[in-house]
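Student: here is a sequence with its predicted model. Questions after.
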Amino acid sequence: GAVVSQHPSRVICKSGTSVKIECRSLDFQATTMFWYRQFPKQSLMLMATSNEGSKATYEQGVEKDKFLINHASLTLSTLTVTSAHPEDSSFYICSARDAAGQVNYGYTFGSGTRLTVV
Amino acid sequence: GDSVTQMEGPVTLSEEAFLTINCTYTATGYPSLFWYVQYPGEGLQLLLKATKADDKGSNKGFEATYRKETTSFHLEKGSVQVSDSAVYFCALNTGSGNTGKLIFGQGTTLQVKP
């Protein structure tokens, strides 16, 4: 079936550095990518929505200069956490949707990335 | 705005017990409703869905019925197994069909003991 490959699964970085998270759609074209953040024992909070070839739309309260999203192709979207700080430590999950919303009823999730900033 | 409310967990059950996880929603229009399951350290997997009132979604012994009159989508399973231990999320989409954003409930942790 359709899969979204998300890498890395875990990353530890030093405070002040940047980290890039990749999500690739396999076997389908991801016209839209959703990026979520999940705090321990809490729900998923939508950070931003990106459409291929367009600028991402960020949810209220999400710093666009800190969380850079690139969706330059139909199979790859990236989230870069810039100048990371310990409070950015979290579980980040992407979700891809094809144009018709048919694959997995429109939402195929990556396996998540555990970011720890030390 | 649109929202989803789930019963607070954790829910702890013995193997073969009956499971109910309550979910209610607030939405304009007629959203599709979903249940997702998240195993430790993993992403979300679609468990079941329903797209219109009175639809029943089912998968792996789990069921949920879209109740428009009570704005509910409660998850049930007749006999849980240890392998069902996970976090369960109720969600709705904000657009028509399969468009729009997914809005999640806060998640309910299920622990099944042998």
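Tutor: Good, I have the coordinates.

Student: who in chain A is up against chain B?
Tutor: By C-beta under 8 Å from any C-beta of the partner chain, the residues of chain A that approach chain B are A:6, A:9, A:34, A:41-44, A:46, A:49, A:93, A:95, A:97, A:100-102, A:104-107, A:109-112, A:114. C-beta coordinates here come from the backbone N, C-alpha and C atoms, glycine included.

Student: name only those of these that count as buried.
Tutor: Burial by neighbour count, 16 or more other C-beta atoms under 10 Å in any protein chain shown: within the residues of chain A next to chain B this picks out A:6, A:34, A:43-44, A:46, A:49, A:93, A:95, A:97, A:101, A:104-107, A:109-112.

Student: so which of the residues you listed sit within strands?
Tutor: Of the positions in these, A:6, A:34, A:44, A:46, A:49, A:93, A:95, A:97, A:109 sit in strands, assigned by DSSP state E.

Student: from these, pick the one nearest residue B:21.
Tutor: Proximity of these to residue B:21 was ranked by C-beta to C-beta; the top entry is residue A:44 with 16.7 Å.

Student: now the residue nearest to that closest one when sequence neighbours are not counted: which helix or strand?
Tutor: Taking C-beta to C-beta, 6 or more residues apart in numbering or on different chains as the measure, residue A:44 lies nearest to residue A:36, with 4.2 Å between them; neighbours along the chain are not counted. Using DSSP states H and E, residue A:36 maps to strand A:32-38.

Student: helices and strands around that strand, which ones?
Tutor: Identification of packing neighbours for strand A:32-38 by 3 or more C-beta pairs under 8 Å, 6 or more residues apart in numbering or on different chains; DSSP states H and E yields strand A:44-51, strand A:67-73, strand A:76-81, strand A:90-97.

Student: is there a neighbour count for the nearest residue to residue B:7 once chain neighbours are set aside? I'd like the number.
Tutor: Taking C-beta to C-beta, 6+ apart, and ignoring the residues beside it in sequence, residue B:7 has residue B:22 as its nearest neighbour in space, at 4.3 Å. Residue B:22 sits with 16 neighbouring residues when counted by other C-beta atoms under 10 Å in any protein chain shown.

Student: how far away is residue B:22 from residue B:6?
Tutor: Summarising the geometry, the distance separating residue B:22 from residue B:6, computed by C-beta to C-beta, to the nearest Å, is 7 Å.

Student: out of the helices and strands packed on strand A:32-38, flag the one nearest residue B:67.
Tutor: Ranked by C-beta to C-beta, the member of the helices and strands packed on strand A:32-38 that lies closest to residue B:67 is strand A:44-51, at 23.9 Å.

Student: partner strands of that closest one, parallel or antiparallel?
Tutor: When sheet partners are counted by DSSP bridges, strand A:44-51 sits next to strand A:32-38 (antiparallel), strand A:57-58 (antiparallel).
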